[in-house]
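A.B. asks: dropping the sequence and predicted coords here.
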Amino acid sequence: MDKETSSEIPRLLQRFGVDMPPLGITAEPTQFDYDIGELEFRDAMLAANEQLIPARLSLAAQLPFCASLCYHCARQKKVTRNARLMAAYVDALCKEIRSKSELIDQDRLVEQLWFVGGSPAYLGITSLGRIMTEIGQCFAVSGSNSRYFMVEVDARTATPQYVAQLSMLGVNAMRTWVPAMSESVQTSINREQSAESLASLMMAARRTSFRDVTLATRYGLPMQSIEGLTNDIDWLADLGPDNIVTERYQHRPGLHASQRLIPRTLLPEIDVVDDMEAQMTERLLLAGYEHIGLGYFTRTGSVMHRAKDQGQLQRGLMGYMIGAGADTLGFGAGAISSIEDFLFRAPADIDAYMRNSQSGGLAIEAGYCADLATERACFIVERMLCDGVCRERDWSVSFDIPFNRYIDALGSYIQPLVVEDILTFDQHTLTVTERGRQSLGRIVQTFEKSLQDKALVSLH
Amino acid sequence: MGTTTPILRGQVAEARCSDCQVGQFCLAAGSDEETLLKLDELLHVDSSVDSGEHVARRGDAFKGVMAVRSGCFKSYRVDREGREQVRRFHFPGELIGLDAVSMGVYQDSTVALQKGATCAIDYRQLLELSSCAAGLQQQLFRLFSGQLAEQQLHAGEFSAEERIAAFIVDISARLASRGWDGDQFELAMSRGDIGNHLGLATETVSRVFSRLRTAGVLTVRRKHIVITDRPSLESMAESILTA
């Protein structure tokens, strides 16, 4: 048994999706508290409704079913052909959508919607349509072009008709996973995917005028070589998606059972993976992509790029998202909702989830409430990840303690980052350097460490 | 002093006007030493109140004026169709129950919007005292007329921006006159209550706050606001406040 089984994934890393699939939610309970449940969820929803300017609302539906098992996958998923189970799951999901929606003020517009997997496509367009209809009946859904309704599409099975049908449901953004194109890598992770299918999917997305198309790839996979990876990257950039997300494969067989099917000996050495990351970044920058951070690359003029320019980017459960400070309601087994300073988690077990939802429950199994120290750290980390800068004037709206006093108190943690030219600080502003932008993970880890050490718990 | 049977319920508190945190802005404002001593002798009934708890209900017999010691309170009426009408909000140092003085019964129901405390004073005793203390009489008059002015604040044909600006300027002035920070404060009332009070839809309230934030007039976080451009805010509120 690997030692990862017992290790906790620390809160900031989880909250900001660092070292996690940017769309996925961790499968293991971390610092969730089972004493925080429906009552606290209702209170948090009430408080969120009562804000003078309520936060924007994002919805995320977890559709965990897959036709086959990709060994490297760190998502919550269930490989099944049981159509009855999937239909029952959609029923439970619709019921949960209805129950949760009753707690939301009707003037709170849903501007973002995410269908994440598993493989959402595997449920079929009729089921997606049903979920979409339920959402439309229960929530005030934005009809504006600025809405961002995203579905993860599987290039192996999606047809141009499917893409057109998604568009008719109101979907206007898609994300597709392309872990690797090399045959040996595909075999070792049990995911065969042809170049033709991806090219035709991209054409369909362009014809349908999706406003944001993302290709997500992995590095550090078994059998992967630097050459193979850079070829893949060049090809993906040639396809011209709005965003390319590159994610480092984390081998945690103790946490994700399917990864036990990948022999450790097939994995590239760590320094090779570091080299992969550097070369990949260089090629994407050359191809005209901008590195927002944490492996997320975007083209000038894209939706994400504009959001960044306008200070409207946030980093949350879904990775980078538009709309700073949004509340997120998650639906489905293991889904996480983020309301104000709370996180709430649904039962990860599909049967337990369905029983709860069908009996009229809110599918809240546990929750987590950020303490003041975490809230402060999250505030800075989010600004660093999204804007690359945290200013005193932004800080002072939220916190009483003077900004420079807080940063001074963190001196021993931040100083090494200043020495390494990752951050600069001038009493009023903490800024990420150009070099720092390539290693935002270090900043998150630093603040994480300060929380683990309880360094600032007594700072008032 | 005439004998009055105490009709007030609750804990008889040790607190007196002379050592009350809000005393100098409440009834005791402008009182001389002697009046203050007499005020102290009046029966004060201190109550702590939970969020959502009523301190007065429409139609109930008038028991006494209540001073807000802490927290924020909302007075409202419900019309024949069952629609709530938010009449006014009360902040520390302000009086609740003046609507009941003339009729002897409460015209408004009053509910705590957050955890707070009130101090009730027998009204007949207070009147007796005020008849021989000019300073107290003036302060009572100020407290009465202030509330009348507030009621006029939101009548008339004004835009949503003007109403919200006037609302914030008014609260800011009331808090500042009682020694609190008038530039940043928490609005304990809901968006719905603000909208109801000002005759605006709830979503309009949020939209206007959002616009004021974008324009750099206010910063808003949750229910906390900071006035960052007072001249602009006051000029928006001007047409109402000078009407």
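C.D. replies: Yep, that arrived. Residues are numbered from 1 along each chain as shown, chains lettered A, B, ... in the order given.
A.B. asks: and the closest residue to residue A:366 other than its chain neighbours, how many residues sit next to it?
C.D. replies: Excluding its sequence neighbours, the residue lying closest to residue A:366 (C-beta to C-beta, 6 or more residues apart in numbering or on different chains) is residue A:32, at 3.8 Å. Any C-beta I mention is one placed from the backbone N, CA and C, and that applies to glycine too. When neighbours are defined as other C-beta atoms under 10 Å in any protein chain shown, residue A:32 has 18 of them.
A.B. asks: please apply the same query to the one 4 residues further on.
C.D. replies: Residues contacting residue A:36 under the criterion other C-beta under 10 Å number 20.
A.B. asks: wait, is it part of a strand?
C.D. replies: No - according to DSSP: H, G, I helix; E, B strand; the rest coil, the state of residue A:36 is coil, so it is not within a strand.
A.B. asks: and it, how far is that from residue A:85?
C.D. replies: Distance of residue A:36 to residue A:85, given as C-beta to C-beta, to the nearest Å: 29 Å.
A.B. asks: the most centrally placed residue in chain B: what's it in contact with?
C.D. replies: The centroid of chain B falls nearest to residue B:90 when counting by C-alpha atoms, centre = their mean (2.0 Å). Shown in contact with residue B:90 (C-beta atoms under 8 Å, 6 or more residues apart in numbering or on different chains): B:68, B:72, B:73, B:74, B:75, B:96, B:110.
A.B. asks: just give the closest residue to it, not the sequence neighbours.
C.D. replies: residue B:73 (4.2 Å).
A.B. asks: and the pLDDT at that neighbour?
C.D. replies: Note on residue B:73: pLDDT of 96.
A.B. asks: that one reaches residue B:96, doesn't it?
C.D. replies: Yes - Residue B:73 is in contact with residue B:96 according to C-beta atoms under 8 Å; the separation is 6.0 Å.
A.B. asks: what's the overlap in contacts for the two?
C.D. replies: Shared contacts of residue B:73 and residue B:96, counting by C-beta under 8 Å, 6+ apart, come down to B:55, B:90, B:110, B:118.
A.B. asks: could I get these in CSV, plus columns for secondary structure?
C.D. replies: Converted to CSV, those look like this (three-state DSSP):
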residue, secondary structure
B:55, strand
B:90, strand
B:110, strand
B:118, strand
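A.B. asks: show me which of residue B:73 and residue B:96 is the more surrounded one.
C.D. replies: Legend: neighbour count by other C-beta under 10 Å for residue B:73 and residue B:96, higher for residue B:73 (27 against 23).
A.B. asks: bridged to that one, which residues?
C.D. replies: Beta-bridge pairing of residue B:73 under DSSP bridges involves residue B:90, residue B:112.
A.B. asks: next SSE downstream of the lowest-mean-pLDDT helix or strand in chain B?
C.D. replies: Least confident helix or strand, chain B: strand B:11-12 with a mean of 46, by mean pLDDT, DSSP states H and E. Toward the C-terminus, strand B:11-12 is succeeded by helix B:33-41 as the next helix or strand (DSSP states H and E).
A.B. asks: against which helices or strands is that following helix packed?
C.D. replies: Applying 3 or more C-beta pairs under 8 Å, 6 or more residues apart in numbering or on different chains; DSSP states H and E, one finds that helix B:33-41 makes contact with helix B:123-131, helix B:134-152.
A.B. asks: most proximal residue of the stretch 251-400 of chain A with respect to chain B?
C.D. replies: Chain B sits closest to residue A:397 of the stretch 251-400 of chain A, with a gap of 4.7 Å, by C-beta to the nearest C-beta.
A.B. asks: contact partners for that residue?
C.D. replies: B:219, B:221, B:224, B:226.
A.B. asks: and the last one, how many neighbours does it have?
C.D. replies: The local packing of residue B:226 (other C-beta under 10 Å) involves 14 other residues.
A.B. asks: what residues sit buried inside the helix or strand in which it is found?
C.D. replies: In this assignment (DSSP H and E), residue B:226 forms part of strand B:224-227. The neighbour-count check on strand B:224-227 (16 or more other C-beta atoms under 10 Å in any protein chain shown) flags B:225, B:227 as buried.
A.B. asks: need phi/psi at residue A:309.
C.D. replies: phi -60, psi -30 (degrees, to the nearest 10).
A.B. asks: nope, residue A:432 is what I was after
C.D. replies: Main-chain torsions, residue A:432, degrees, to the nearest 10: phi -80, psi 130.
A.B. asks: skipping adjacent residues, who's closest to it in space?
C.D. replies: Of all residues not flanking residue A:432 in the chain, residue A:388 sits nearest, at 4.2 Å (C-beta to C-beta, 6+ apart).
A.B. asks: ok, the one you found - contacts?
C.D. replies: Residue A:388 neighbours (C-beta under 8 Å, 6+ apart): A:293, A:431, A:432, A:436, A:437.
A.B. asks: I'd like to know which of those are part of helices.
C.D. replies: Among the contacts of residue A:388, the members found in helices (DSSP state H) are A:436, A:437.
A.B. asks: out of the contacts of residue A:388, who's nearest chain B?
C.D. replies: residue A:431 (21.3 Å).
A.B. asks: where does the chain dip in pLDDT?
C.D. replies: Just so you know, I chose chain A. Along chain A, the model assigns pLDDT under 70 to residues A:1-30, A:324-325, A:456-460.
A.B. asks: to clarify, I was referring to chain B.
C.D. replies: Applying pLDDT under 70 to chain B flags residues B:1-15, B:21, B:23-25, B:30, B:43, B:145-156, B:243.
A.B. asks: residues of it that sit close to chain A?
C.D. replies: Selection of chain B residues close to chain A by C-beta under 8 Å from any C-beta of the partner chain yields B:187, B:190-191, B:201-203, B:205-206, B:209-210, B:213, B:219-226.
A.B. asks: over to the residue of chain B found nearest chain A: give its phi and psi.
C.D. replies: At 3.9 Å from chain A, residue B:203 is the closest residue in chain B, using C-beta to the nearest C-beta. Per-residue torsions, residue B:203: phi -70, psi -30 (degrees, to the nearest 10).
A.B. asks: right, and it touches residue A:54 too?
C.D. replies: No - using C-beta under 8 Å, residue B:203 makes no contact with residue A:54, being 9.3 Å away.
A.B. asks: what about those two, which has more around it?
C.D. replies: Set residue B:203 next to residue A:54 and count neighbours by other C-beta under 10 Å: residue A:54 wins out with 22 against 17.
A.B. asks: enumerate every residue touching the residue of chain B closest to chain A.
C.D. replies: Per C-beta under 8 Å, 6+ apart, neighbours of residue B:203: residue A:107.
A.B. asks: recalculate using a threshold of 10 Å.
C.D. replies: Contacts here follow C-beta atoms under 10 Å, 6 or more residues apart in numbering or on different chains; on that basis residue B:203 touches A:54, A:105, A:106, A:107, A:108, A:109, A:140, B:191, B:195.
A.B. asks: burial count for residue B:123?
C.D. replies: Residue B:123 has 20 neighbours, counted by other C-beta under 10 Å.
A.B. asks: grab the nearest non-local neighbour of the residue of the stretch 51-200 of chain A found nearest chain B.
C.D. replies: Residue nearest to chain B within the stretch 51-200 of chain A (C-beta to the nearest C-beta): residue A:107, separated by 3.9 Å. Nearest non-adjacent residue to residue A:107, counting by C-beta to C-beta, 6+ apart: residue B:203, 3.9 Å away.
A.B. asks: how far away is that neighbour from residue B:85?
C.D. replies: 19 Å.
A.B. asks: cool, residue B:95 as well?
C.D. replies: Distance from residue B:95 to residue B:85, by C-beta to C-beta: 20 Å.
A.B. asks: who's more crowded, the two?
C.D. replies: Each of residue B:95 and residue B:85 has its neighbours counted (other C-beta under 10 Å); residue B:95 has more, 20 against 13.
A.B. asks: re earlier: convert the helix or strand encompassing the residue of the stretch 251-400 of chain A closest to chain B to CSV, retaining C-alpha atoms only.
C.D. replies: Taking DSSP H and E as the criterion, residue A:397 maps to helix A:392-398. Listed next in CSV are the C-alpha coordinates belonging to helix A:392-398 (Å, rounded to 0.1, in the frame of the first residue of the first chain):
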residue,chain,number,x,y,z
GLU,A,392,-3.0,46.8,-0.3
ARG,A,393,-6.3,48.5,-1.3
ASP,A,394,-7.9,45.2,-2.4
TRP,A,395,-6.7,43.5,0.8
SER,A,396,-8.0,46.3,3.1
VAL,A,397,-11.6,45.9,1.8
SER,A,398,-11.6,42.4,3.3
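A.B. asks: noted, bye for now.
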